[in-house]
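Peer 1: Sequence first, then the predicted structure, then my questions.
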Amino acid sequence: MSQYDYDLFVIGGGSGGVRSARLAGGLGKRVAIAEEYRLGGTCVIRGCVPKKLMVYASQYPEHFEDAAGYGWTVGEARFDWPTFLAAKDREIARLEGLYRKGLEGAGVEIIESRAEITGPNSVRLVRNGKEVTAERIVIAVGGTPNPHAALPGYEYCISSNEAFHLDSLPRSILIAGGGYIAVEFANIFHGLGVETTLIYRGAEILSRFDLDMRRGLHEAMVEKGIRIICQDHIASVSKSAAGNLEVDTLNGTRLVVEQVMLALGRDPNTSGLGLEAAGVKVDERGAIIVDDYSRTNVSSIFALGDVTDRVQLTPVAIHEAMCFIESEFRGKPTKPDHDLIATAVFSQPEIGTVGLSEEAASRKYQELEVYRAQFRPMKATLSGRTEKMIMKLIVNAADRKVVGAHVLGHDAGEMAQLLGITLKAGCTKDDFDRTMAVHPTAAEELVTMYAPSYRIRNGERV
Ligand code: NDP
């Protein structure tokens, strides 16, 4: 019999925590998981899932508009925010229930309490002050929106957390940031009829994506009526007597809006977790430092997911959890593979991408072939919508391997998943060329771009 209360104690009931607890429980280990809020974590409770439901809700006005070109007459359309919120919350509660059921089915003890580390093998449950011991501890507490507390008036601003539960939709909103969350929510709020402005410090939104995607999305958003201010930053936020928020920017613009949302990145959730007590090392941002196997510097303590600030994505946290189980409980040391992660921005239009942007690839490879297509998707012909799709394949000329694939347009996220398989498999451009097109689809363009649009040699377009 082990000297510890548990074989594994997991702190945090999000994607990484739940997966590791459930798998270890399924192997017959004695496992407990502590969660202070709701099972499901950021992804299920206040991230990916409710966000995607909001994306769907926000797309209807365009569907109604497009219907006319196909002969439909749609009556007056009205959106009721409380009805949507209630439906969304029911779905989130259902998913939370599934997480609970999965854990219970694997024999995992669910502890509804904050847990803090007190030593290499011990944890204190804040709810009742009880200390428990475990042979291994997994920290999977995720991240939290950066509150940007140095900004005068930050207390008037909301983050994505609050955006999921607003009492009513504001008439106008200013969103700060140019990353996933800022861009997705700008499209959501605009679609729901909110006058939307986005402010971003850089020259172009979505700094880590391919420039064609960034520019294409920017143009499409502006065309819809979203105002985008680049190379500027909020200097202060104050509340007017009428209750509006007055925002002054560094460049001297004044904006008056009903709501300001900050989407300036997320911080690891490590403060007050007791990491010092156990001697667990963190970096300057508070992220837990781990090795290739998600081990911290303390041999009995592991960390998974956003709290390690490797790649802040749900499937990555789940993958890290599965590798941890393989390594620690199945005797098969397995490193998480963070290479070639396909991802999507659920903007409108969407971006789906895997591999290197043209800019990153041109720094890495001597010669590239770039295949690029820009076209109006078939659906937009009768609807009269002016939107464009952009597709791009970046090919290393030396071995013909496709090293980057990027799509802007409808269902780009769905395409990214399949493109991810092809890049992971190491497919060459010749493999794409000998693949029969599925006609008529937008995706067929990915296998019918036979001649390079241009080449990049030693970083220069030729
Ligand atoms: P991101 O890292 O995507 O974007 C943060 C944005 O804030 C960037 O535009 C960044 O600018 C800007 N920024 C950061 N610090 C400052 C500052 N001090 N002043 C002004 N601007 C600043 O983070 P998000 O918050 O949007 O999302 C967090 C994570 O969640 C993402 O990294 C992503 O992994 C994940 N996520 C994934 C989604 C998906 O898969 N669809 C959806 C939502 C979130 P700059 O670019 O110039 O550094």
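Peer 2: Arrived safely, thanks for sending.
Peer 1: Ser327 is in what secondary structure piece?
Peer 2: Per DSSP states H and E, Ser327 falls inside helix 314-329.
Peer 1: Any chance you could list what contacts the helix or strand following that helix?
Peer 2: Counting by DSSP H and E, the next helix or strand C-terminal to helix 314-329 is strand 343-345. For strand 343-345, contacts defined as CB atoms under 8 Å, 6 or more residues apart in numbering pick out 180, 183-184, 206, 209, 217, 313, 350-354, 412-413, 416. Heads up, the C-betas are built off the backbone N, CA and C, glycines and all.
Peer 1: try 10 Å this time
Peer 2: 179-181, 183-184, 187, 205-206, 208-209, 213-214, 217, 311, 313, 315-316, 350-354, 407-408, 411-417, 420 (CB atoms under 10 Å, 6 or more residues apart in numbering).
Peer 1: can you tell me which of those are in strands?
Peer 2: Ile351, Gly352, Thr353, Val354, Val407, Leu408 (DSSP state E).
Peer 1: So which helix or strand of the chain has the lowest pLDDT on average?
Peer 2: None of the helices or strands of the chain scores lower by mean pLDDT, DSSP states H and E than helix 275-278, at a mean of 93.
Peer 1: How far away from the center of its chain is that one?
Peer 2: Distance of helix 275-278 from its chain centroid, counting by CA atoms, centre = their mean, to the nearest Å, is 29 Å.
Peer 1: And that helix, what does it pack against?
Peer 2: The contact analysis (3 or more CB pairs under 10 Å, 6 or more residues apart in numbering; DSSP states H and E) places helix 275-278 against strand 115-119, strand 122-125, strand 131-139, strand 301-303.
Peer 1: C-alpha coordinates for it, CSV please?
Peer 2: Coordinates of each C-alpha in helix 275-278 appear next as CSV, following Å, rounded to 0.1, in the frame of the first residue of the first chain:
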residue,chain,number,x,y,z
LEU,A,275,4.4,26.8,-5.8
GLU,A,276,7.1,28.5,-3.6
ALA,A,277,6.3,26.0,-0.8
ALA,A,278,7.1,23.1,-3.0
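Peer 1: mind listing what's buried in it?
Peer 2: In terms of neighbour count (16 or more other CB atoms under 10 Å), helix 275-278 has its buried residues at Leu275, Ala278.
Peer 1: ok, residues contacting it?
Peer 2: 116-124, 137, 139, 281-282, 286, 288, 296-298, 300-301, 303.
Peer 1: Buried among these? Make that a PyMOL selection.
Peer 2: Buried subset of the contacts of helix 275-278, written as a PyMOL selection, criterion 16+ other CB under 10 Å:
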select buried, resi 116+117+119+120+121+122+123+124+137+139+282+286+288+296+298+300+301+303
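Peer 1: Please name whichever of the helices and strands packed on helix 275-278 is nearest to Glu369.
Peer 2: strand 301-303 (40.7 Å; CB to CB).
Peer 1: tell me what that closest one is packed against?
Peer 2: Applying 3+ CB pairs under 10 Å, 6+ apart, one finds that strand 301-303 contacts strand 6-11, helix 15-26, strand 131-139, helix 275-278, helix 314-329.
Peer 1: ok, 6 Å please
Peer 2: strand 131-139 (3 or more CB pairs under 6 Å, 6 or more residues apart in numbering; DSSP states H and E).
Peer 1: List the buried residues of the strand it packs on.
Peer 2: Of the residues in strand 131-139, Val132, Thr133, Ala134, Glu135, Arg136, Ile137, Val138, Ile139 count as buried by neighbour count, 16+ other CB under 10 Å.
Peer 1: measure stretch 394-403 end to end?
Peer 2: Counting by CA to CA, to the nearest Å, you get 6 Å between the two ends of stretch 394-403.
Peer 1: could I get the helices and strands packed on helix 275-278 as a markdown table with distance to the ligand?
Peer 2: Shown next, in a markdown table, are the helices and strands packed on helix 275-278 (distance: least, CB to the nearest ligand atom, whole Å):
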| stretch | distance to the ligand |
| --- | --- |
| strand 115-119 | 24 |
| strand 122-125 | 27 |
| strand 131-139 | 18 |
| strand 301-303 | 17 |
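Peer 1: Can you identify the element that follows the biggest helix by length in the chain toward the C-terminus?
Peer 2: Identified as the longest helix of the chain according to DSSP state H is helix 81-105. Using DSSP H and E, the helix or strand that follows helix 81-105 towards the C-terminus is strand 109-111.
Peer 1: Stretch 158-177: end-to-end distance?
Peer 2: Stretch 158-177: ends 13 Å apart by CA to CA.
Peer 1: Residues of this protein that sit close to the ligand?
Peer 2: Neighbours of the ligand within the chain, by CB under 6 Å from any ligand atom: 177-182, 184, 200-202, 207, 233, 263-266, 312-313, 343-346.
Peer 1: so what's Ala32 bridging to?
Peer 2: Beta bridges link Ala32 to Phe9, Glu109 when assigned by DSSP bridges.
Peer 1: who's in contact with it?
Peer 2: Contact partners of Ala32, counting by CB atoms under 6 Å, 6 or more residues apart in numbering, are Tyr6, Phe9, Glu109, Ile111.
Peer 1: just Leu192 next, same as before
Peer 2: Counting by CB under 6 Å, 6+ apart, Leu192 touches Ser58, Leu169.
Peer 1: just wondering, since we're on it, how far is it from the ligand?
Peer 2: Distance, Leu192 to the ligand, using CB to the nearest ligand atom, to the nearest Å: 18 Å.
Peer 1: Please confirm that Glu444 is located within a helix.
Peer 2: Yes: the assignment for Glu444 is a helix, going by DSSP: H, G, I helix; E, B strand; the rest coil.
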